[in-house]
Structure formats: C-alpha cells, structure tokens
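Novice: Here is the input, now give the coordinates:
(chains A and B)
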Amino acid sequence: QSALTQPPSVSGSPGQSVTISCTGTSSDIGSYNRVSWYQQPPGTAPRLIIYDVRHRPSGVPDRFSGSKSDYTASLTISGLQAEDEADYYCSSYTTSSTWVFGGGTKVTVL
Amino acid sequence: EVQLVESGGGLIQPGGSLRISCAASGFIVSSKYMSWVRQARGKGLEWVSVIYSGGSTYYADSVKGRFTISRDNSKNTLYLQMDTLRADDTAVYYCARGYYDSNGYYYYGMDVWGQGTTVTVSS
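Specialist: Predicted structure coming up:
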C-alpha cells in the first residue's frame, strides 16, 4: 500500500490555472475510475472536491476539475483565487479493497 | 444537520489500548460506508480502515491485526479499537462518511468529516 505520488507544492497567480498530478499503479489508479480529491486548509478537516475522477459534489465551484490517464490522475484549478490556498490530497480505491492517499500538495497563491 | 463528532483521544503508553468513537447525527451510520483516516502532525492523510453497510471491514497494512473498526447501530456510532499502540500511531484521527446520492447509490469519496480526535502514544 504505497502512497500515491503528488508534487509537494505548486503555485500560481490569481486568475491563473494550476494542475496537480497524482501517480499510482496498476493496483489503484490504473484499475478503477475511483479517484477522489480533497482540499484541506490549515487547521481544518479535509473537504471532498472531486469524486470518481471528475465529478464535483454540490457546492464545489466548477473551477475545480478532475481527469485521469492511465496511472495518473490530475486536479486542475482554473481562475485561481486566494481562498484556494490549501493542501490538496488525491485518493484511490485499490484492488485490495482498501484506499490510499497521496502525500499531499501545497497550493500557494502568489 | 449531518455531523460527525469524534471523541476518546488522549495520551496512551506504547503497547496500550484505546477506543475512539465517532457519533453521527443526521443520517444512519449503518446505511453508509464509514472510514477512519489519520494525520500525523505536519504530515499527510493516511487511510486506516473502512466498514461497509453490509459489515465488511478492511484495514491498512500498518494497522492490520492491531486495530478493529466497528459500529453500534443503537447509538449510531462508529468506533476504532486500537491495540498494541506504537509511537507512529500518534495522529489526529478523523472519521468520514462515504458519499451517496439521493437515490442511495454510493460513490468513491468521503463527503462528511468530523473535526478529529488526537491520539498521542508516548511514555
């Protein structure tokens, strides 16, 4: 159960787009469209922003979008806003019926 | 209002046991899949365990054989029994609910999280 691989940090100016990658294996991302993404501002609990690769729960702005290709999932934040500054985590269901998270990516709005 | 409230965390010596709880309101715990996720200070999220509505349970390799997830339907509460605790189990423990639509179909994501309870394993 190795963690999914995310870049430690990404940054962008307000209004720009940033993309966070999440790389797994044939035992997780490569086997299912069961990837989710979470936003975690400092000192708060995680918030679900993407489920099943590309779907947004109600209330999540459409600036957040998800995709997947082979063993890599991606989260794109378009029209970056100051309130988007947070840690972001990907997660995937696995062939062992367990779940695995990525190491997290800190998004900085310049 | 849909809410999860964890409790029971504290300071425990290595090798000891602790049971943490997650009281749910606004929905029925036994009708959803429920997970425990932990986060060491300054570190990332780590999935710990899941219990499905049918009762099936699964664990991360790091806790398998030491931790047990369960629920009490009469109290609408989720539990995590933690035995043979080690220093690297020190973390904030969150309970989280699986995401379901209005038709009761489940998806792969956790949409409701508690505020977390802190477990510290130290002598």
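
Novice: contacts, neighbours, all on C-alpha from now
Specialist: Will do.

Novice: Please report phi then psi for B:R38.
Specialist: Dihedral angles of B:R38 (phi, psi; degrees, to the nearest 10) stand at phi -120, psi 160.

Novice: What is the neighbour count of the residue lying closest to it once chain neighbours are set aside?
Specialist: Distances taken as C-alpha to C-alpha, 6 or more residues apart in numbering or on different chains place B:Y93 nearest to B:R38, at 4.3 Å, with adjacent residues excluded. Residues near B:Y93, counting by other C-alpha atoms under 10 Å in any protein chain shown, number 29.

Novice: swap in B:D89?
Specialist: 20.

Novice: how far away is the closest residue to it other than its chain neighbours from B:W113?
Specialist: Of all residues not flanking B:D89 in the chain, B:V121 sits nearest, at 6.7 Å (C-alpha to C-alpha, 6+ apart). Distance from B:V121 to B:W113, counting by C-alpha to C-alpha, to the nearest Å: 23 Å.

Novice: same thing with B:E46?
Specialist: Per C-alpha to C-alpha, B:E46 is found 14 Å from B:W113.

Novice: of B:V121 and B:W113, who's got more company?
Specialist: Each of B:V121 and B:W113 has its neighbours counted (other C-alpha under 10 Å); B:W113 has more, 23 against 20.

Novice: residue contacts, B:V121?
Specialist: Contacts for B:V121 were tallied using C-alpha atoms under 8 Å, 6 or more residues apart in numbering or on different chains; they are B:L11, B:I12, B:Q13, B:P14, B:L85, B:R86, B:A87, B:D88, B:D89, B:T90.

Novice: Show me the beta-bridge partners of it.
Specialist: On the basis of DSSP bridges, B:V121 is bridged to B:I12.

Novice: looking at this, A:E83 is in a strand?
Specialist: No: looking at A:E83 with DSSP: H, G, I helix; E, B strand; the rest coil, it is helix, so not inside a strand.

Novice: residues near it, how many?
Specialist: A:E83: 9 neighbours (other C-alpha under 10 Å).

Novice: Up against chain B, what does chain A have?
Specialist: Counting by C-alpha under 8 Å from any C-alpha of the partner chain, the residues of chain A close to chain B are A:1, A:34-37, A:44-48, A:50-52, A:89, A:93, A:97-104.

Novice: Pull out the buried members of those.
Specialist: Listed as buried from these are A:34-37, A:45-48, A:50-52, A:89, A:93, A:98-104; burial here means 16 or more other C-alpha atoms under 10 Å in any protein chain shown.

Novice: for the nearest residue to B:I51 once chain neighbours are set aside, what are its contacts?
Specialist: Using C-alpha to C-alpha, 6+ apart and skipping residues adjacent in sequence, the residue nearest B:I51 is B:T57, 4.5 Å away. Listed by C-alpha under 8 Å, 6+ apart, the contact set of B:T57 reads B:S49, B:V50, B:I51, B:I69.

Novice: Let's see the pLDDT reported for B:T57.
Specialist: pLDDT recorded at B:T57 is 98.

Novice: and what of B:G9?
Specialist: 97.

Novice: B:R66 versus that one, what's the distance?
Specialist: As for B:G9, its distance to B:R66 is 17 Å (criterion: C-alpha to C-alpha).

Novice: more crowded one of those two?
Specialist: Here B:G9 and B:R66 are compared on neighbour count by other C-alpha under 10 Å; more neighbours surround B:G9, at 18 against 14.

Novice: Strands along the chain, start to end?
Specialist: Picking chain A for this. Remark: strands assigned in chain A by DSSP state E are A:9-12, A:18-23, A:35-40, A:47-50, A:64-69, A:72-77, A:86-93, A:99-101, A:105-109.

Novice: Actually, chain B is the one I wanted.
Specialist: Going by DSSP E, chain B shows strands at B:3-7, B:10-12, B:18-25, B:34-39, B:45-51, B:57-59, B:67-72, B:77-82, B:91-100, B:106-113, B:117-121.
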